[in-house]
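Chemist: Show me how the following folds:
(2 chains)
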Amino acid sequence: DGGITQSPKYLFRKEGQNVTLSCEQNLNHDAMYWYRQDPGQGLRLIYYSQIVNDFQKGDIAEGYSVSREKKESFPLTVTSAQKNPTAFYLCASSEGRLRGTGELFFGEGSRLTVL
Amino acid sequence: SQQGEEDPQALSIQEGENATMNCSYKTSINNLQWYRQNSGRGLVHLILIRSNEREKHSGRLRVTLDTSKKSSSLLITASRAADTASYFCATGVSGNTGKLIFGQGTTLQVKP
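Modeler: Here you go, the predicted model:
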């Protein structure tokens, strides 16, 4: 089955530690996205990538880093510089601006809690 | 930055009733999309309406778009308890790189 897989589903981190959230897709999509969702809130864009080896900052990129070395993978690192990292993180993909309608396909999310 | 604002923030209805959610946005758009999110899960795409369309249907869903008022509405007819979820509008901004900007969502509770 095609889809997006995020791992881990739950993650606990001590203050000062970096953590990396995994996102893999087998939909052959060009574009991938990371969103952050806080309780009762909408989604805010952290980073996005339209093509391999290229990515752009979203609205709240500070304290986060990403890489896009492979088309299928778009890992997100939450660094110790992120002041309030406890949140629900959602990865998504789309066919890409030039090929698709912009419809996003989402993973099931990763819930990060800082202790 | 949040592009869309949704109204109401929360809605509670009885099974069989219709549910209407509204979304307003600020800038020119290519399209507007609606997504559903069950508690603690990822979002699922429901329907997309392009900026040159005024109305679109999909099953029990009806979406309207008024670009002059920069607003959209999602109507769910004959609601079911399984429709209980949060619903988000998302706008594809004109001239942008394909990213979507999401509203804060409407939480719908359908009571059996």
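Chemist: Please name the bridge partners of A:Val114.
Modeler: A:Arg13 (DSSP bridges).
Chemist: First-to-last residue distance for stretch A:73-85?
Modeler: Stretch A:73-85 has its terminal residues 22 Å apart, counting by Cα to Cα, to the nearest Å.
Chemist: Please see if that stretch touches chain B.
Modeler: No: contact between stretch A:73-85 and chain B is absent, the nearest approach being 13.6 Å (criterion: Cβ under 8 Å from any Cβ of the partner chain). For the C-beta atoms, the positions are set from N, CA and C on the backbone; glycine is no exception.
Chemist: residues from chain B in reach of chain A?
Modeler: So far as Cβ under 8 Å from any Cβ goes, chain B lies against chain A at B:1-2, B:4, B:30-31, B:33, B:35, B:40-45, B:48, B:88, B:90, B:92, B:97-105.
Chemist: Of these, which count as buried by neighbour count?
Modeler: Among the residues of chain B next to chain A, those classed as buried by 16 or more other Cβ atoms under 10 Å in any protein chain shown are B:2, B:4, B:30-31, B:33, B:35, B:41-43, B:45, B:48, B:88, B:90, B:92, B:98-105.
Chemist: in chain A, which segments are predicted with low confidence?
Modeler: Low-confidence segments of chain A, defined by pLDDT under 70: A:1, A:97-101.
Chemist: What is the neighbour count of the residue nearest to B:Lys70 when sequence neighbours are not counted?
Modeler: Once flanking residues are discounted, B:Lys70 sits nearest to B:Tyr25: 5.1 Å by Cβ to Cβ, 6 or more residues apart in numbering or on different chains. Neighbour count for B:Tyr25, taken as other Cβ atoms under 10 Å in any protein chain shown: 22.
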